[in-house]
Each structure stands twice: as structure tokens, then as C-alpha cells.
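K.L.:
Everything below, folded, please.
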Amino acid sequence: MINQNTKIKATGRYLRLSVTKANRILDQIRGKSYQEAKLILQFLPYRSCLEIAKILDSAVANAENNKGLQKQTLKIETAFVNQGPKMKRFQPRAQGRAFPIHKPTCHITIGLVSRNDK
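P.N.:
Predicted structure coming up:
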């Protein structure tokens, strides 16, 4: 028998997004059902929505294939972002100088829980 509060998670690592921009999207979908979150991600105009939607779909696929749950019963319990390593590059400047450029990466984790409305 399936536990009533089964927890499933999916993680996207080393994504070329900044932490603050990813967190802005995750705040919108935290606590929502899968259908609501998918709809929100579809219509928000940010680039990070595509990556977050892929991670959400991966978590749902984990729930369906590994735990045998339906996507109608899934709810986003946790959604958080951690800072990844920064890629360090240099931009040439005048008189032989170099200007540092830091390209941020992040790790996004989405945790789902099954809510049975029976």
C-alpha cells in the first residue's frame, strides 16, 4: 500500500541561472498543485521558467514511474535553490587590463508530496 504522504524529489544541477532569478519563480509555485504550477510556468515571461518546468516534469515522472502515483494527486511541498559554482571569465579592457566576469550557476530542487483526497 502506498503511504499517504509519499515524498518525491528531482534536482537540476549546474544550471546557468542566478539564484535570485530562480527563487523569484519558485516562490510563485511553492505550495501549488502540479496543474497550477505547470500553468503558471507556462505563462510567466522568464527564461528560468523553462528549466524549472523541466525539473518539475522530472519530479512528476519520478512519482509516476517509481511510486505509481497519478499527477492529479501531486502537490509541490518544497522548492528551493542553492548557489552553485561561479564560472570565472575575463573581459579585456583598455590599456591591457582585464575585467572579471562571474557567471553564476545554481542547483534547483523540487519536492512533491502526494495528497490523497479520499
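K.L.:
can you give me the helices for the protein?
P.N.:
Using DSSP state H, the helices of the chain run over residues 19-29, 34-43, 48-62.
K.L.:
To Thr78, which of the ones you listed lies closest?
P.N.:
Counting by CB to CB, Thr78 lies closest to helix 19-29 out of the helices of the chain; the figure is 9.5 Å. Using the backbone N, CA and C atoms, a C-beta is placed for each residue, glycine as well.
K.L.:
so how far is Val81 from the residue nearest the centre of the chain?
P.N.:
Residue closest to the mean C-alpha point of the chain, counted by CA atoms, centre = their mean, is Ile52 at 3.8 Å. The gap separating Ile52 from Val81 is 9 Å, by CB to CB, to the nearest Å.
K.L.:
Quick check: neighbours shared by these two?
P.N.:
Each of Ala22, Leu26, Ile108 lies in contact with both Ile52 and Val81 under the rule CB atoms under 8 Å, 6 or more residues apart in numbering.
K.L.:
so Arg93 makes contact with Phe99?
P.N.:
Yes. Counting by CB atoms under 8 Å, Phe99 is a contact partner of Arg93 at 4.9 Å.
K.L.:
burial count for Asn94?
P.N.:
Slight slip there: residue 94 is Ala, not Asn. Using other CB atoms under 10 Å, Ala94 has 6 neighbouring residues.
K.L.:
should've said Lys54
P.N.:
15.
K.L.:
Just the pLDDT at the closest residue to it other than its chain neighbours, thanks.
P.N.:
Nearest non-adjacent residue to Lys54, counting by CB to CB, 6 or more residues apart in numbering: Gly12, 7.0 Å away. For Gly12, the model assigns a pLDDT of 96.
K.L.:
Contact partners for Gly12?
P.N.:
Glu51, Ile52, Lys54, Ile55, Ser58, His107, Ile108, Thr109.
K.L.:
Likewise for Lys86?
P.N.:
Taking CB under 8 Å, 6+ apart, one finds His102, Lys103, Pro104, Thr105 in contact with Lys86.
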